[in-house]
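> turn this into a model:
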Amino acid sequence: LPCTTLVAPDQFQGLPHVLDLINTFLMPKTIDAAVYNDLQRVIRVYGDVRPWTVGAMDGAAARGRLDLLQWLRANRMEGCSAEAFKGAAANGHLDVLQWLYRAYPDLSDMARELATAARHGHAHV
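Got it, this is the predicted structure:
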């Protein structure tokens, strides 16, 4: 994803190794964002050759993408963080929270998730 090539000053164009390092640094977050925003082209082109992080699952949980969470768990190894629970609770995604509790029980803090849901107006959670 040559994103830095498009925005870098002309002086950097002669330093392709610098642009590659910048892209490498930015790529995991870019891949994660592409995953939870369902940008299939980016995933197809870069998904297998660039690292992902737990941000892909965390973002999918916050967006209520249970289908994507299930796919990530079956096909990737990164897993999620406690932020997945927090994001799902903050956005009222009860089905996602229930799935996360079953899939990653060690990461849950039910009191925190309930407080987060209530703080964001999702009493049904």
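
> quick check: domain ranges of the chain?
Following automatic domain parsing, one gets these domains for the chain: 1-51, 53-125.

> measure the longest one end to end?
In domain 53-125, first residue to last residue: 27 Å (Cα to Cα, to the nearest Å).

> who's in contact with the helix or strand encompassing Q98?
Per DSSP states H and E, Q98 falls inside helix 94-103. Residues outside helix 94-103 that contact it (Cβ atoms under 8 Å, 6 or more residues apart in numbering) are 61, 64-66, 69-70, 73, 80, 84-85, 88-89, 107-108, 113, 124-125. All C-beta atoms are positioned from the backbone trio N, CA, C, and that covers glycine.

> put the buried members of those into a ChimeraX selection.
In ChimeraX, this line selects whichever of the contacts of helix 94-103 come out buried by 16 or more other Cβ atoms under 10 Å:
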select :61,64,65,66,69,73,80,84,85,88,89,107,108,113,125
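
> strands - which of the contacts of helix 94-103 land there?
Assignment to strands by DSSP state E places none of the contacts of helix 94-103 there.

> what about the closest residue to R112 other than its chain neighbours, neighbour count?
In space, and not counting its chain neighbours, R112 is closest to K86: 7.0 Å by Cβ to Cβ, 6 or more residues apart in numbering. Around K86 sit 19 other residues, with neighbours defined as other Cβ atoms under 10 Å.

> got the contact list for K86?
R112, E113, T116.

> same question, R73
Listed by Cβ under 8 Å, 6+ apart, the contact partners of R73 are M57, G79, A103.

> could you dump those to JSON lines with pLDDT?
Converted to JSON lines, the contacts of R73 look like this (pLDDT from 0 to 100):
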{"residue": "M57", "pLDDT": "91"}
{"residue": "G79", "pLDDT": "92"}
{"residue": "A103", "pLDDT": "97"}
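
> tell me the pLDDT of the residue lying closest to A123 once chain neighbours are set aside.
Distances taken as Cβ to Cβ, 6+ apart place A117 nearest to A123, at 7.3 Å, with adjacent residues excluded. Model confidence at A117, expressed as pLDDT, equals 94.

> all helices for this structure, in order.
Here the chain has its helices, by DSSP state H, at 3-7, 10-13, 16-36, 40-46, 55-62, 66-75, 82-90, 94-103, 110-119.
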